[in-house]
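>>> any chance you can model this:
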Amino acid sequence: MQGNETEGSKTDDIKIEDIYQHSARQFQSGIIREYRARGEVLDALASELRKNEQRILSALHADFAKHRFEAWTTEIGAVLQEIEFTRRRLKRWMRPRKVPTPVFLKPGRSYIRPEPWGSVLVIAPWNYPIQLALSPLVSAIAAGNTVVLKPSEITPNCSALLAELIREELGLEVIQVVEGDAELGRALVDRPWDYLFFTGSPRVGRLVYRTAAQHGTPCTLELGGKNPCVIGHEADLIVAARRIVWGKFLNAGQTCVAPDYLIVEQASNGSDRGERVVEALMMEITRSYGASPLENADLASIVSNRHFERVLRFLEPGPSGNRPRLRIGGGSDPSTRRIEPTIVDGLEPNHPALQEEIFGPVLPVMTVRSLQEARSVIEAREEGLAAYYFGSHRRAPEILNRLRFGGGCCNDTILHLANPHLPFGGSGRSGIGRYHGYYGFETFSHHKSLLYAPRRFDLPWRYAPYGERRLNLLKRILG
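The predicted structure follows:
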């Protein structure tokens, strides 16, 4: 994910300590501890999303020029699904779970009891400003925490709307929305929260992690990285092209799990399969976005001028003077911050497009001789939040089981996020922790261990004085 940074500061206008203390007091009051209270908050949030659907879509269009279909499915619909899935199962998730008790502790009984961490800080990114703010919030509330939510200032319309809906429409004491810039974010992070959830760039995530460690605050970091997409020699190129183009250029490539670069395995007979893949991608881009993508309302805008210029730099020569070969796209319009869906190839390994997370509508393509070579290329780069393989299920484990990444698909892109039974999270430098569905409830809960021992039945072997005989007896029992 990209970071939470912008110009200006509102820190002086907000009393951070008051916000922190208010959240702590609300948790200590027990107002959100019970099942009924948690359910009421989640139901109210779902109701507000439905009631304000048009306002949310308008805010997303103002910040991104997102098409209504894309905006509803990836933002509103995703959160409503998360709430519905959670509400149906929340009572079961909250129950203490009985676990086996060893024979030497019998007739005691052992339980794991999920309890809320307490007061939680959620820092959201700009690329999916509704979904990635509210999905972790749903999990945090389901687990019984109070929440301070900081939306991204880079999407000001969505940030202001979230603040209004939660502060004025819902009027909830257990959730506070705080608007502000990166300085405000630093001031919020520098408080001893009971739990911290951050979605953003790896650079900012490392700073958040360092600060949280000073307070001993447990945290989840949802970051990013280079997400590889491998096309095996046995893949269906038409299906692969359609699903890769959709996944890559959704939200104009500003998706943390979008394919970041494409690796094509040569055919066993040595024919140039890479060229056939590029041709299929070009055909699918034209079919999806037409001959003039910059005028197509289905293509979202880049979020800011700074990010617009950053993405265009991937089309410039690299350190060795190597200029990417433009196969399709490359056009841009600064007035609308749109960049055409772009395919490039012929890059040297040290080109920034093959080293840095692109986070925009530019897709580099390279060709390798084998899946083993593909793995070597991928392992030379930082872990991705996702990875994809197109080809037979038989060969897919050579990529999907051998590499480190957060999650992925065989013969599709991005859709693993649509299954609420699957956890979402990073691996290594792409993140720490996971959420979605039960895994979100688990992340925002402390799993307390409890042993209920009998009051009267009491074996004397554990009490002093010990003696050698008692030690030998214990060895026979436990060894």
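>>> wait, isn't residue 276 in contact with residue 237?
Yes - counting by C-beta atoms under 8 Å, residue 237 is a contact partner of residue 276 at 6.1 Å. Where you see a C-beta, it was placed from the backbone N, CA and C, and this is true even at glycine.
>>> look at those two and report which has more neighbours.
residue 237 (18 against 15; other C-beta atoms under 10 Å).
>>> my understanding was that the more buried one contacts residue 278; is that so?
No - in this structure residue 237 lies outside contact range of residue 278 using C-beta under 8 Å: 10.2 Å.
>>> show me what the helix or strand that residue 221 is a member of packs onto, helices and strands only.
Counting by DSSP states H and E, the element that carries residue 221 is strand 219-222. For strand 219-222, the elements it packs on are strand 195-199, helix 202-215, strand 424-425, strand 431-432, strand 434-435, judged by 3 or more C-beta pairs under 8 Å, 6 or more residues apart in numbering; DSSP states H and E.
>>> for the first one, the averaged confidence score.
Looking back up the chat, that one is strand 195-199. Confidence over strand 195-199, taken as the mean pLDDT, stands at 98.
>>> give the other helices and strands that that strand contacts.
Strand 195-199 packs on strand 119-123, helix 131-142, helix 202-215, strand 219-222, going by 3+ C-beta pairs under 8 Å, 6+ apart.
>>> out of these, which comes closest to residue 40?
When the helices and strands packed on strand 195-199 are compared by C-beta to C-beta, helix 131-142 sits nearest residue 40, at 10.0 Å.
>>> neighbouring strands - and their directions - for the helix or strand that the closest one is followed by?
Using DSSP H and E, the next helix or strand after helix 131-142 towards the C-terminus is strand 146-150. Strand 146-150 has the following strand partners under DSSP bridges: strand 119-123 (parallel), strand 175-177 (parallel).
>>> deepest in the core, which of those is it.
Neighbour counts (mean count of other C-beta atoms under 10 Å) averaged over each of those peak at strand 119-123, with a mean of 27.
>>> angle of it against helix 131-142?
If you take axes from the mean of the first three to the mean of the last three C-alpha atoms, to 10 degrees, strand 119-123 sits at 170 degrees to helix 131-142.
>>> strand 195-199 and strand 119-123, what's the angle between them?
Using the same axes, to 10 degrees: strand 119-123 against strand 195-199 is 10 degrees.
>>> for the helix or strand bottoming out on mean pLDDT in the chain, packing partners?
Between all helices and strands in the chain, the lowest mean by mean pLDDT, DSSP states H and E belongs to helix 468-478, at a mean of 84. Judged by 3+ C-beta pairs under 8 Å, 6+ apart, helix 468-478 is in contact with no other helix or strand.
>>> what pairs with whichever helix or strand residue 98 is part of, parallel or antiparallel?
If you go by DSSP H and E, residue 98 is part of strand 97-99. Under the criterion DSSP bridges, strand 97-99 sits next to strand 109-116 (antiparallel) in its sheet.
>>> show me what counts as buried in the strand it pairs with.
110, 114, 116 (16 or more other C-beta atoms under 10 Å).
>>> do the same with stretch 17-36
19, 20, 22, 23, 24, 26, 27, 31, 32.
>>> same check, this time on stretch 407-427
Buried-residue list, stretch 407-427, by 16+ other C-beta under 10 Å: 407-414, 416-417, 420, 423-427.
>>> got the CA positions of that stretch in CSV?
Only the C-alpha atoms of stretch 407-427 are listed here, as CSV (Å, rounded to 0.1, in the frame of the first residue of the first chain):
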residue,chain,number,x,y,z
GLY,A,407,-2.1,-14.7,-0.6
GLY,A,408,-2.9,-15.3,-4.2
CYS,A,409,-4.8,-17.2,-7.0
CYS,A,410,-4.3,-19.9,-9.6
ASN,A,411,-5.8,-18.8,-12.9
ASP,A,412,-7.2,-15.5,-11.5
THR,A,413,-6.2,-12.3,-9.8
ILE,A,414,-7.4,-10.4,-6.7
LEU,A,415,-10.5,-12.6,-6.1
HIS,A,416,-9.0,-14.5,-3.2
LEU,A,417,-9.9,-11.3,-1.2
ALA,A,418,-13.6,-11.9,-2.0
ASN,A,419,-13.7,-15.1,0.1
PRO,A,420,-14.4,-14.1,3.7
HIS,A,421,-13.2,-17.5,4.9
LEU,A,422,-9.7,-16.7,3.7
PRO,A,423,-7.4,-14.5,5.8
PHE,A,424,-5.8,-11.4,4.2
GLY,A,425,-2.4,-10.3,5.2
GLY,A,426,1.3,-10.0,4.2
SER,A,427,4.4,-12.0,4.7
